[in-house]
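J.: my questions concern the predicted model and sequence given below.
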Amino acid sequence: MTLMSSSDTIKKEIYIECRPETLFSFFTDPEKLVRWMGRHVLLDPSIGGKYRIDVNGSDIAMGEYKELIPNEKIVMTWGWEKSKVVPPGASTVEFKLTPKDNGTLLELTHYDLPATEVASHVQGWTHYLPRIQAIAQGQDPGIDPWSEQAMH
């Protein structure tokens, strides 16, 4: 897993041994998304559709889908329900799925974050990407340990 960050952008990539169409469903099917992130998930995976990911009962990520290219790309706004620093819609997350070898290269880019928030979001994506990798490859990473504790 590689990691680069500038003042307001996080870039990460991870190789996942599954087909892009398998991986894509983990961003658009609430029953699959909740297996790698959050406790309760509501999704409307359409352009302008909203999502709500309740991570642990107090930290709730919210935003809307901006771009959906089946099995290739998901772009969504990102923020936190009660945050004044990164309110819902304040930043943008892009997931690109590129076929590679017998699997998929997942590239995450998180734009427009305040510099003070980059470290916590790097920590978050570093926690969640291996979880989606395990699940998409047919493994069970278990209950998200973060779903039991408040982060902010």
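T.: Structure received. Numbering: from 1, shown residues only.
J.: which other residues reach the lengthiest helix in the chain?
T.: When the chain is parsed with DSSP state H, its longest helix is helix 115-136. For helix 115-136, contacts defined as Cβ atoms under 8 Å, 6 or more residues apart in numbering pick out 1, 3, 5, 7-8, 10, 12, 14-18, 22-23, 26, 32, 35-37, 85-86, 106, 108, 110, 113, 140-141, 144, 146, 151-152. In short, each C-beta sits where N, CA and C put it, glycine included.
J.: could you rerun that using 6 Å?
T.: 5, 7, 10, 12, 14, 16, 18, 22-23, 26, 35-37, 85-86, 108, 110, 113, 141 (Cβ atoms under 6 Å, 6 or more residues apart in numbering).
J.: then stretch 95-108?
T.: Contact with stretch 95-108 is made by 12-18, 20, 23, 72-74, 125, as judged by Cβ under 6 Å, 6+ apart.
J.: buried subset of those as a PyMOL selection?
T.: To isolate the buried subset of those in PyMOL, counting by 16 or more other Cβ atoms under 10 Å, use the following:
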select buried, resi 12+13+14+16+18+20+23+73+74+125
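J.: now, the contacts of helix 115-136 that are in strands?
T.: S5, I10, K12, I14, I16, L108, H110 (DSSP state E).
J.: which residues does the residue nearest to K73 when sequence neighbours are not counted bridge with?
T.: Of all residues not flanking K73 in the chain, K96 sits nearest, at 5.3 Å (Cβ to Cβ, 6 or more residues apart in numbering). Bridge pairing for K96 (DSSP bridges) gives the partners K73, E107.
J.: since that was my last question, I'll sign off now.
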